[in-house]
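Asker: Got a predicted model here, sequence first, then my questions.
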Amino acid sequence: MNDSLNGRVRRGRSGAHVVAAPQCLTARRCHPAGAWIIDDPFPVPILIDEDEHASSPIPHPPPGASEIHRALPTPCCFLRHSSAPQFTHIFGAPLMLKSLKRWGALFMGPTLVSFGLAFLAPFFIGLYLSLCEFTTVTDASFVGLKNYFTAFSEGQGFVQALLFTAAVTVIAVITVNVFAFAIAYILTRKLSGTNFFRTVFFMPNLIGGIVLGYTWQTIFNAILLHWNTTLVTNATYGFVGIIILLNWQMVGYMMIIYIAGLQSVPPELTEAAEIDGAGRWTVLRHVTIPMVMPSITICLFLTLSNSFKLYDQNLALTNGQPLDMTEMAALNIVNTVYNRIGFEGVGQAKAVVFFLIVSAIAFIQLRATRGKEVEA
């Protein structure tokens, strides 16, 4: 067989030839004698069906085809097309798509069912319950938007909880990402013991929020005892305590993401900037940070969403004290639903509002930061 046939030819079912040519995808007619040129790379076996009674091997390329082969930038396969019109094209991609259509629903089915039962159904049920008064799901009575107006009334404390949550989130997003990026930048330098320090900084992320809350409550109260006060005496102490706890828990995780981003920056860009006379700060600002923007996008999204949704640490550290002044939005919603009889619908309405606020802010943040991403 001619050397220009790039692939193995073997007899398939019903006398078909299976050509395992890793550099073939599309074909075009190149000679009136019946040769086809295949010149696009694609790692799929190709099925070339011949006549049902054909038994001769694929012949050498006809005259004139080899010249086209030599003129192409990549190797080509010369195959005789079938006399049947429906088989005069490449079957690798169509066969794959046919298999996906046949078996895709079977493999996607369990995931889609689970997603529907665990997310979509509770979400739409929750939307309906936010418009109802209820004590259980089965005795809900429709009241319209009354729950939403009640949620923003003065006695609910929801607006104060949202403002406190926003303040915690702004400070936490800034401090967590600054510390995480600084530590990642240091640990990507050529220093000894970097793997050990990466592990140490990441370990707090493995501890549960309730455990962290009670642990840090003990630490803060032991320190404040020297001034005859406690963490819940002043709302400022609780605010600072939550910020410190969030930094201690999330900095290590964000550090890992920033390390991955810093290690993906092409060294050629940094070397070129240094040759042009750029200092470390200039290289960091105009080369490193723009190249790490995908990591910054991910870290900002994670810190933003996790800070807004903070519940267990807030519960264990201050439980909203003093006088619900350190109560965050998630804790306020849970207290409304489970600790105030007759306000279950109001708590559900608060949850819907909170979901919309967090989703809108996260969407805006993703759009803003993704627009600043660059490619190497």
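Answerer: Good, I have the coordinates. Residues are numbered from 1 along each chain as shown.
Asker: Give me the distance between the spatially most central residue of the chain and residue 257.
Answerer: Centroid-nearest residue in the chain, with Cα atoms, centre = their mean: residue 298, separated by 7.5 Å. Distance check for residue 298 against residue 257: by Cβ to Cβ, to the nearest Å, it reads 6 Å. In this view, the C-beta of every residue, glycine as well, is placed from N, C-alpha and C.
Asker: Burial check on residue 159, number of neighbours?
Answerer: 14 (other Cβ atoms under 10 Å).
Asker: Which other helices and strands does the helix or strand containing it contact?
Answerer: In this assignment (DSSP states H and E), residue 159 forms part of helix 158-187. Contacting helix 158-187 under the criterion 3 or more Cβ pairs under 8 Å, 6 or more residues apart in numbering; DSSP states H and E are the following elements: helix 194-202, helix 235-263, helix 293-308, helix 329-339, helix 344-370.
Asker: dump the residue contacts of residue 261.
Answerer: 184, 291-292, 294-296 (Cβ atoms under 8 Å, 6 or more residues apart in numbering).
Asker: Redo the helices and strands packed on helix 158-187 as TSV? Include mean pLDDT.
Answerer: Compiled in TSV, the helices and strands packed on helix 158-187 are given as follows (pLDDT from 0 to 100):
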stretch	mean pLDDT
helix 194-202	89
helix 235-263	95
helix 293-308	94
helix 329-339	94
helix 344-370	93
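Asker: out of those, nearest to residue 279?
Answerer: Across the helices and strands packed on helix 158-187, the minimum distance to residue 279, taken as Cβ to Cβ, is reached by helix 235-263, at 17.9 Å.
Asker: Taking helix 158-187 as reference, get the angle to that closest one.
Answerer: Taking axes from the mean of the first three to the mean of the last three Cα atoms, to 10 degrees, one finds that helix 235-263 is oriented at 40 degrees with respect to helix 158-187.
Asker: In helix 235-263, which residues are buried?
Answerer: Of the residues in helix 235-263, those with enough neighbours to count as buried (16 or more other Cβ atoms under 10 Å) are 235, 237-239, 241-259, 261-262.
Asker: Over to stretch 354-371?
Answerer: Residues of stretch 354-371 classed as buried: 354, 358, 362, 365, 369 (neighbour count, 16+ other Cβ under 10 Å).
Asker: can I assume the fourth one is in contact with residue 302?
Answerer: If I follow you right, that is residue 365. No - applying Cβ atoms under 8 Å, one finds residue 365 not in contact with residue 302, separated by 10.7 Å.
Asker: List the buried residues of stretch 282-297.
Answerer: In stretch 282-297, the ones that count as buried by 16+ other Cβ under 10 Å are 283-284, 287-288, 291-297.
Asker: So, low pLDDT: which residues of this structure?
Answerer: Counting by pLDDT under 70, the chain has low-confidence residues at 1-96, 375-376.
Asker: How far away from the center of its chain is the helix holding residue 159?
Answerer: Going by Cα atoms, centre = their mean, to the nearest Å, the spacing between the C-alpha centre of helix 158-187 and its chain's C-alpha centre is 20 Å.
Asker: Measure how it sits relative to helix 293-308, angle-wise.
Answerer: Using the same axes, to 10 degrees, helix 158-187 lies at 140 degrees relative to helix 293-308.
Asker: okay, the angle between helix 158-187 and helix 329-339?
Answerer: With the same axes, to 10 degrees defining the directions, helix 158-187 sits at 140 degrees from helix 329-339.
Asker: returning to what we had before: dump the buried residues of stretch 354-371 to JSON lines, plus distance to residue 174.
Answerer: Putting the buried residues of stretch 354-371 into JSON lines (distance: Cβ to Cβ, whole Å) gives the following:
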{"residue": "354", "distance to residue 174": "22"}
{"residue": "358", "distance to residue 174": "18"}
{"residue": "362", "distance to residue 174": "16"}
{"residue": "365", "distance to residue 174": "13"}
{"residue": "369", "distance to residue 174": "14"}
